[in-house]
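> whatever this is, show me its structure:
(2 chains)
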Amino acid sequence: MPSLEAVNLTKNYGKFVALSNLSLKIEGSKCVGFLGPNGAGKTTTLKLFTDMIRPSQGKALINGISVHENKRLALEHCGSLIESPEIYPSFTPKEALSMIAEIRGVPHDVREKRIEEAIAEVKMEDWKDKKVGKFSKGMKQRINIASSLLSEPDILLLDEPTTGLDPRGMSEVRDIVKSLKKRNRLIFMSSHLLPEVSDVCDEVAMIDHGKLLVYDTLSNVTTKFSGDGNSSIVEIGLARALDDSFPIGSISSITGVVSVDKMDSRNLRIKFSGGLEKQETLLSDLAAMKIGMISFRASGSALEDTYLNLIKDTL
Amino acid sequence: MTQQTQTSLEGNILPTSIAQVGIIARYEILNYFRSRRFFILLAITLLISGLLTFAIAYEGDSIAGSPPQALPFYATYWGFASNLIVVFCAVFFGGDAISGEFQNKTGYFLVGNPIRRSSIYVGKWIAALTASLIMMGVFTVICLGNGFYWIGTSIPTQFVEAISFTLIYLVAALGFTFFFSSLFKSSSFSILVTVVLLLFGFSLIDTVVTNLIHVEPWFTLSYGSGIISNVFTIPYPQHITTVSFGGGGRGPTLTEYIPTIPEGLIIMVIYFALTAILGLLLFERKEFN
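Take a look at the predicted model:
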C-alpha cells in the first residue's frame, strides 16, 4: 500500500519556521488535498518529500523509506510536480520525457508507448515534436504533468498542478487525478482552489504557519469545522429546471436537514446535521424521492467555510 | 555510487547511478549542440584559428624561422591561443552549468526524480568536457593542418606534451568553473566571477605576489598552466631566475618563477580535485527554494 509519512518534519530558515514538527501519515489509494494560505508550508513540505530541500529536523518517508537517506529508492515509485519546473527550451516534449523515462528506468520496449500515452493524456499530441522554448506556461505545465505520470508511479506529489492552465486544462487535470485514483494511486496535492479539492480529493490536510491544523476525510472536516460546527452541506444537481411543483418542502422535512437553498435553476444546496451517516441516508432519501437528481456531492462552499474558520489570516 | 539495479512494480528498472550519469551527459550534450553558445564558441575558435593561420601565412619567417621549424611554429600557434580557448570553453560550458539549474528552474524538472545530485553534477561535467573537447579538437586539427602545410608531418614531442597539459588544464578549469557555478544561484554572477578570475584575476595575482611579496604563486591555476607554453622552450626554463639591477648585485632584484612540469601538473590536478569535490558538496547541500 503506498504511503507518505512526515515524522516531526521541521524546516527553519534562520529564525523563520517554515514548517514546524509536521507529523502526518497518509496511506492507501486516495487523493489528499493539502490546503493552507500563502507561506503556510505546503510547498516546503512537498519539497522536503522530493529532496529539493533538507529538513532541519525530522524525516520525510515515502513507502517507509527516508527521502534524505535513500533518495533513489524513496522516489522510485513517486512522481512529482513542484513549482512549475522549466524544461530545456531546445528540447521537444518527446525528448524531455524520454530523458525522464530513461532516468526512471522505463523499459526500452515500452518507453516510446509510455511517452506517447503521457503526451496524449495531457492533450499535447500536436506539439510533441516542437521545441519547448516556444510553449506557453500552460503548455509547459502539461508536459510537467506528463513527466510526473510517465513512470506510472504509485504516489504523486502535486504542487498546485492546475497553475497556469486554462479552464479546460484545469478540468482535464482534475479528470487525470480522478482517473489515477481509480488506478490505486496515492495523490497528495496542494491547491488554493477549494472547489477543485472538493471535487477530486477524499481527504484534506490543512496547514497554517508551518503547523498542521487538521487531517481527516473531506466530510468529517467540513462537518466538524464548517458553519456552526455541527452541520454539513451537499450540493445536488437536477436533470430538469426547478419549478413550483418541485418538492422543496419535502426535502426540508427530511430528518436532519437544516435548510434547503436554491443555487440556480438546476442546483440546490442542502445543509444538514448528522455527519457521514446522515449524508448517506440523505442520499438514499433523495434518490427515493425521484426528483431528477443527477449529482450529489459535498459542497465546495462547505470546505471554504471550514477553511475560513480554521485559517484566520493569511500572509 | 551504488551499482544496484532495482525493478519496480511498474516494470521499471531503475538504472544504476553510473548509468544515470551517462543519461544526463547524453541529454546535456544534445542541449549544448542546440545552444547558441556552442556555435558562438565554435565561431570564436574558428576566428582565432583563422587569425593565427593568417599570421603564419604572412609573417611565417619571423614566427617559425626560415626555413620553418616545427618547434617555434607549434610554440607560437598552440602556446598563443590554447589557454584562451580553454578559458572560453570553461566559462561557456561550465560558468552557469549548475547555477542555471537554479536560476532557470530547470533543476526542478530533474531533482525530484530518483537520481542522486552527484549523478546530475558529474553528468553535466562530462557533457561540458565533451563539448570543450570538440572545440579543442577543431583547434588542434587546424593547427596540425597548418603545421603539415608549412613544415611537414613531423610533430615535435613537445607539442604532444603541450596538448596533454592543455587537456589537464581544461579538466581543472572546468572543475573550477563548476565550483563557482555551484556556489552562486545567479548564472550571470557565476559566469562573471569565473571570467574575471580565469582571464585577468589569476594573472594579476601572479604578478603582484611575485613582484611585491616575492613568493612563488603556486596557488594559482594560471601559474600551473604555464607549463603548456614553457614546454616548447629548450632547455626547459629555470625554476627561479633572479635579476639584480645595479649596485654590484646589491640593488633591487626582480624574481621570475617558472613552474616545473611536475609542479604545474600537481597544481592543476589539485585544483581539479579540490574544486570538483567542493562544487559537488555545495550542489548536494544547495536547496531549491
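> interface residues of the stretch 1-150 of chain A facing chain B?
For the stretch 1-150 of chain A, the contact set with chain B under CB under 8 Å from any CB of the partner chain comprises A:13, A:47, A:50-54, A:71-78, A:80-88, A:90-91, A:95-96, A:99-100, A:102-107, A:110, A:144, A:147. Placement of C-beta: from N, CA and C, glycine included.
> just the ones of the residues you listed in strands?
A:13, A:78, A:80-81 (DSSP state E).
> now a ChimeraX select for only the buried ones of those residues.
In ChimeraX syntax, the buried subset of these is picked out as below (16 or more other CB atoms under 10 Å in any protein chain shown):
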select /A:78,80,81
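> which members of the ones in strands among the residues of the stretch 1-150 of chain A next to chain B are the farthest-apart pair?
Largest separation among those by CB to CB: A:Tyr13 and A:Cys78, giving 24.8 Å.
> quick one: buried residues of stretch B:79-90?
For stretch B:79-90, burial by neighbour count (16+ other CB under 10 Å) applies to B:79, B:81-83, B:85-90.
> check whether stretch A:180-196 contacts chain B.
No: contact of stretch A:180-196 with chain B (CB under 8 Å from any CB) is absent, the minimum separation being 10.5 Å.
> report the mean per-residue pLDDT for that stretch.
Stretch A:180-196 shows a mean pLDDT of 87.
> and the contacts of that stretch?
A:2-4, A:26-36, A:42-43, A:46, A:49, A:149, A:153-162, A:170, A:174, A:177, A:197, A:200-202, A:300, A:303-304, A:307 (CB atoms under 8 Å, 6 or more residues apart in numbering or on different chains).
> report how many residues lie close to B:Ile18.
13 (other CB atoms under 10 Å in any protein chain shown).
> sorry, slip of the keys, the one I care about is A:Thr223.
A:Thr223 has 26 nearby residues by other CB under 10 Å.
> pick out the residue of the stretch 51-200 of chain B closest to chain A.
Nearest residue of the stretch 51-200 of chain B to chain A (CB to the nearest CB) works out as B:Tyr108 at 3.4 Å.
> can you tell me the helix or strand for that residue?
Assigned by DSSP states H and E, B:Tyr108 falls within helix B:107-111.
> sorry, back to before: next one, pLDDT for the residue lying closest to the residue of the stretch 51-200 of chain B closest to chain A once chain neighbours are set aside please.
Nearest residue to B:Tyr108, sequence neighbours excluded (CB to CB, 6 or more residues apart in numbering or on different chains): A:Pro85, at 3.4 Å. pLDDT, A:Pro85: 92.
> any idea how far B:Tyr149 is from the residue lying closest to B:Phe202 once chain neighbours are set aside?
Leaving aside its sequence neighbours, B:Phe202 sits nearest to B:Ser222 (CB to CB, 6+ apart; 3.7 Å). Separation of B:Ser222 from B:Tyr149 (CB to CB, to the nearest Å): 32 Å.
> could you report the neighbour count for the closest residue to A:Met124 other than its chain neighbours?
Nearest non-adjacent residue to A:Met124, counting by CB to CB, 6+ apart: A:Arg142, 5.3 Å away. Residues lying near A:Arg142 (other CB under 10 Å) number 25.
> which pLDDT value goes with the residue of the stretch 51-200 of chain B closest to chain A?
At B:Tyr108, pLDDT is 94.
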